[in-house]
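Q: Mind folding the following:
(chains A and B)
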Protein chains: 2
Amino acid sequence: MPFDTEDNTFLLPGPVKMHPRVTRAMAVPAVAHRGTEFAKQSQEMNRLLQQVFQTQAPVVTLTGSGTAGMEAAAVSLLKKSDKVVGIDNGKFGNRMCKLAAMYGDATILKAEWGQPVALDELERTLRTVKPKALFLTHNETSVGFTNPLQEIARLCREHDTLVVADVITSLGGIDVPVDKWGIDVAITGSQKALGVPAGLAYVSVSEKALSRMYKDQGFYLNLPKYVAKVAEGQTPYTPATHLYFATIEALKLLLQEGLENRFRKVRAQAEAVRGAVAAMGLELFPAEGYASDTVTAIKYPQGVDDSKFRKALKDTHSLIIAGGQDDVKGKIFRIGHMGTVSFVELAGGLAAIETELVRAGAKVNRGAWLAPFQDRMP
Amino acid sequence: MPFDTEDNTFLLPGPVKMHPRVTRAMAVPAVAHRGTEFAKQSQEMNRLLQQVFQTQAPVVTLTGSGTAGMEAAAVSLLKKSDKVVGIDNGKFGNRMCKLAAMYGDATILKAEWGQPVALDELERTLRTVKPKALFLTHNETSVGFTNPLQEIARLCREHDTLVVADVITSLGGIDVPVDKWGIDVAITGSQKALGVPAGLAYVSVSEKALSRMYKDQGFYLNLPKYVAKVAEGQTPYTPATHLYFATIEALKLLLQEGLENRFRKVRAQAEAVRGAVAAMGLELFPAEGYASDTVTAIKYPQGVDDSKFRKALKDTHSLIIAGGQDDVKGKIFRIGHMGTVSFVELAGGLAAIETELVRAGAKVNRGAWLAPFQDRMP
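A: Next comes the predicted model:
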């Protein structure tokens, strides 16, 4: 039977399973995006976004992927003469660093993928370089790793360095209190923990960041232009109206559940999955203590072929999980648990994963994963 | 009764009325955008786009508004040392010129909004400046004006100048045979004549244009990166998957109708509307002979207040038309007929427009519009 793209178990670390109500919200006619009705809906969306970002700062929406949001931050904040520091310890941190280097005068702190950079080294760099901004990725989807953003932001504040954080796979799944932590520019994408179809980047801009932005750099990716129009529910360029409708629906669902409840659930799901894979005798990829709560990256046991394994999961079990990207392709597999999947879906997915690991000849402590998983079920 | 955003007569020059099947196509679960199924759907979309663009060249899709597509062309083709000529005779031509000047060494040919630039002046400029590219807007939605793109492209070919054309409100409504006319980069947006929700820019890239692009400029808006992945149905960054589904549905509807039939219908609708407004005693805004077939821009008769007039149309008749923008705000109103509306909707709209013009005290030859309109009905 061919794989059914509309009926399967979907455990990618983004895009994520969406509530049917979210996609149904897009099945509506065209709207006048400069009209008062759409402006009101945009303003409602902006308020919901501020709640989810836990910020009083404006949150602007760009039609584009998360990368468009990342580049908008670099375009708006950096000139070639501006010092900027980047943290490169995963695929997306690497992208943030590339953008920092493309638009500014960048110093890059590198660590192996899945390993943290030393905070004392970061502190020294901030002290000596005195950068205008630090660019980093909070949650490294590529390797299931989370950077200690709160501590990093604290160091930046001490050195008057703006914090520009890609929170694309953390915000909405992990607690990222933007104002409390002092994140000046936080960028997320629609298709991750928020459970909206891909196509929008949401970006919060602190007053301090705005005051240090260039008003004449870039055109489509110029953040000050978006900030100038956000209060009136408008955008400088035509917005993807129907993705706004999906966003409103998804954010309402999230806020009905409650941010605290959602974070608790995501944390428990992460612990359940980590407990299960440890019991199977498998190893996590990221450094101990830095495993992400929204995506678990697991090293393949000896002898398991990535593409055959995931093909079997897909063809035999209609289960979609992710492999590794770039440097870790074929070496890891990844399970997303960003808050829109259920424990039941994860448990079923783990049953299929164990089955196919065994069939591939891996040594697995059969059935051992179940009890630690169940211990974390609600 | 408050205006119903889901049940009204929608005659904007973009976004346009969409077939319900198009928006329903988005009410589906998340898909793995790096998976084979989505790649196949993307390839299907690309083939349909090539048919509508009438080109053998690759047509790439950016998640973003039409402006993102325009800027991508400038980012990818121009360095500060590259000569570029721009034609500025409307709001969007002005935007093309701004982008040309932001990234290249631009010479701008200016005319009043709604007036053509002299072709002999253009020829002289191409000969003396020897630009790498010409940037222009084909159809000026802002003033209901169409530039003679075929003739302009012919001049450019004679001077080995690349033609970069914003065809956002022409392609799919007016005949724009990209290969036959020799347009190197043609940019359109989803929400105009193609009848897809806003959020995607489709851009064709000729082999010659690709060979003259810079591979290392920009990041999100770097066209060579999109071209490199298009054949395999992939994108460099996460695409707005659900807008792809809508695009496939809308393009199938368009091609079922047939491009020739669609162009004929749009032309007839334009003639019907122009005949009707002339019979009412109203004047078109653009220069004689240059009126657009996808949007009619009409000068307000003495004494009619734009916002009161359009408010009455909206509140009393649930009819949405456009006013003027920027320099012509309050001076014109605009009716879209990009091919997704019907003659019946247009006739009804004109009845309401006449009614409200009369109520506003304008001198109108009452009822005179009907016969010339009906003469063009199918």
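Q: Buried residues, stretch A:367-378. List them.
A: Using 16 or more other C-beta atoms under 10 Å in any protein chain shown as the test for burial, stretch A:367-378 gives A:369, A:372-373, A:376. C-betas here are computed from N, CA, C, even on glycine.
Q: how much distance is there from it to the middle of the chain?
A: Mean-position distance between stretch A:367-378 and its chain equals 26 Å (C-alpha atoms, centre = their mean, to the nearest Å).
Q: next one: stretch A:118-130
A: Counting by C-alpha atoms, centre = their mean, stretch A:118-130 comes out at 26 Å from the chain centroid.
Q: Give the buried residues for it.
A: Residues A:122, A:125-126, A:129 are the ones in stretch A:118-130 that count as buried (16+ other C-beta under 10 Å).
Q: now do stretch A:99-118
A: Neighbour counts using 16+ other C-beta under 10 Å place A:99-109, A:111, A:113-114, A:116-117 of stretch A:99-118 among the buried residues.
Q: And that stretch, end to end?
A: 22 Å (C-alpha to C-alpha, to the nearest Å).
Q: closest to chain B among the buried residues of stretch A:118-130?
A: residue A:129 (22.9 Å; C-beta to the nearest C-beta).
Q: Show the pLDDT at residue A:173.
A: Residue A:173 carries a pLDDT value of 98.
Q: same question, residue A:2
A: Reported pLDDT at residue A:2 in the predicted model: 82.
Q: what about it, which SS state?
A: coil (DSSP: H, G, I helix; E, B strand; the rest coil).
Q: Can you report how many residues lie near it?
A: Neighbours of residue A:2 under the rule other C-beta atoms under 10 Å in any protein chain shown: 6.
Q: right, quick check: whichever strand or helix holds residue A:136 against chain B, any contact?
A: Using DSSP states H and E, residue A:136 falls within strand A:133-137. No. Strand A:133-137 lies out of reach of chain B by C-beta under 8 Å from any C-beta of the partner chain, never closer than 12.9 Å.
Q: so what strands line up beside that strand?
A: Strand A:133-137 has the following strand partners under DSSP bridges: strand A:83-88 (parallel), strand A:162-166 (parallel).
Q: Quick one: list the elements packing against the very next helix or strand once past the longest one.
A: Taking DSSP H and E as the definition, the helix or strand that follows strand A:83-88 towards the C-terminus is helix A:91-103. Contact analysis of helix A:91-103 by 3 or more C-beta pairs under 8 Å, 6 or more residues apart in numbering or on different chains; DSSP states H and E lists helix A:66-77, strand A:83-88, strand A:105-110, strand A:133-137, strand A:139-140, strand A:162-166 as its packing neighbours.
Q: Just the closest residue of the stretch 251-378 of chain A to chain B, please.
A: For the stretch 251-378 of chain A, C-beta to the nearest C-beta, closest residue to chain B: residue A:320, 5.6 Å.
Q: Surely that residue is in contact with residue A:9?
A: Yes. Counting by C-beta atoms under 8 Å, residue A:320 sits close enough to residue A:9 to count as a contact (7.0 Å).
Q: Distance of residue A:299 relative to residue B:358?
A: Distance of residue A:299 to residue B:358, computed by C-beta to C-beta, to the nearest Å: 77 Å.
Q: In terms of neighbours, single out the busier of these two.
A: Taking neighbours as other C-beta under 10 Å, residue A:299 and residue B:358 compare with residue A:299 leading, 16 against 13.
Q: is that one in a bridge, and if so with what?
A: Going by DSSP bridges, residue A:299 forms beta bridges with residue A:332.
Q: what sits against it?
A: A:282-285, A:331-332 (C-beta atoms under 8 Å, 6 or more residues apart in numbering or on different chains).
Q: for residue A:182, same thing?
A: By C-beta under 8 Å, 6+ apart, the neighbours of residue A:182 are A:153-154, A:156-157, A:163.
Q: Mark which of those residues are buried, thanks.
A: Counted by 16+ other C-beta under 10 Å, the contacts of residue A:182 give A:153, A:156, A:163 as buried.
Q: Tabulate those residues in CSV, adding columns for pLDDT.
A: As requested, the buried ones among the contacts of residue A:182 are arranged in CSV below (pLDDT from 0 to 100):
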residue, pLDDT
A:153, 98
A:156, 98
A:163, 98
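Q: circling back: I'd like the helices and strands packed on helix A:91-103 as a markdown table, with distance to residue A:349 appended.
A: A markdown table is the format used below for these (distance: least, C-beta to C-beta, whole Å):
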| stretch | distance to residue A:349 |
| --- | --- |
| helix A:66-77 | 25 |
| strand A:83-88 | 31 |
| strand A:105-110 | 34 |
| strand A:133-137 | 26 |
| strand A:139-140 | 20 |
| strand A:162-166 | 27 |
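Q: For residue B:139, which of these is the nearest?
A: helix A:66-77 (26.3 Å; C-beta to C-beta).
Q: I'd like to know the average pLDDT value across the closest one.
A: 98.
Q: got it, and stretch A:44-63?
A: On average, stretch A:44-63 scores 98.
Q: Keeping just the C-alphas, turn that stretch into PDB.
A: The C-alpha coordinates for stretch A:44-63 follow below in PDB (Å, rounded to 0.1, in the frame of the first residue of the first chain):
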ATOM      1  CA  GLU A  44      -5.500  39.700  17.300                       C
ATOM      2  CA  MET A  45      -2.700  37.500  16.000                       C
ATOM      3  CA  ASN A  46      -0.100  39.900  17.100                       C
ATOM      4  CA  ARG A  47      -1.500  39.900  20.600                       C
ATOM      5  CA  LEU A  48      -1.600  36.100  20.800                       C
ATOM      6  CA  LEU A  49       2.000  36.000  19.500                       C
ATOM      7  CA  GLN A  50       3.100  38.500  22.300                       C
ATOM      8  CA  GLN A  51       1.500  36.100  24.800                       C
ATOM      9  CA  VAL A  52       3.300  33.100  23.400                       C
ATOM     10  CA  PHE A  53       6.600  35.100  23.200                       C
ATOM     11  CA  GLN A  54       6.000  36.300  26.700                       C
ATOM     12  CA  THR A  55       6.900  39.800  25.600                       C
ATOM     13  CA  GLN A  56       5.600  43.400  25.600                       C
ATOM     14  CA  ALA A  57       7.700  44.100  22.500                       C
ATOM     15  CA  PRO A  58       6.200  44.000  19.000                       C
ATOM     16  CA  VAL A  59       6.200  40.700  17.300                       C
ATOM     17  CA  VAL A  60       6.200  41.100  13.500                       C
ATOM     18  CA  THR A  61       5.300  38.500  10.900                       C
ATOM     19  CA  LEU A  62       7.200  38.000   7.700                       C
ATOM     20  CA  THR A  63       5.900  35.800   4.900                       C
END
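Q: From the chain's centroid, how far away is that stretch?
A: Computed by C-alpha atoms, centre = their mean, the separation of stretch A:44-63 from the middle of its chain amounts to 16 Å.
Q: list the buried ones in that stretch?
A: Within stretch A:44-63, the residues scored as buried using 16+ other C-beta under 10 Å are A:44-46, A:48-50, A:52-55, A:57-63.
Q: Distance check, residue A:359 against residue A:2.
A: Residue A:359 is 21 Å from residue A:2, by C-beta to C-beta.
Q: ignore the last one, residue A:234
A: 44 Å.
Q: cool, residue A:293 as well?
A: 34 Å.
Q: residues from the stretch 51-200 of chain A in reach of chain B?
A: Counting by C-beta under 8 Å from any C-beta, the residues of the stretch 51-200 of chain A near chain B are A:62-68, A:71, A:98-99, A:102, A:189, A:191, A:197-199.
Q: And those residues, which two are furthest apart?
A: Maximum distance among these (C-beta to C-beta): 28.4 Å, for A:102 and A:197.
Q: Could you pull up phi and psi at residue A:146?
A: Here is the backbone geometry of residue A:146 (degrees, to the nearest 10): phi -120, psi 120.
Q: nope, residue A:335 is what I meant
A: phi -120, psi 130.
Q: repeat for the one 4 residues further on
A: Backbone torsions for residue A:339, taken as degrees, to the nearest 10, come to phi 110, psi -10.
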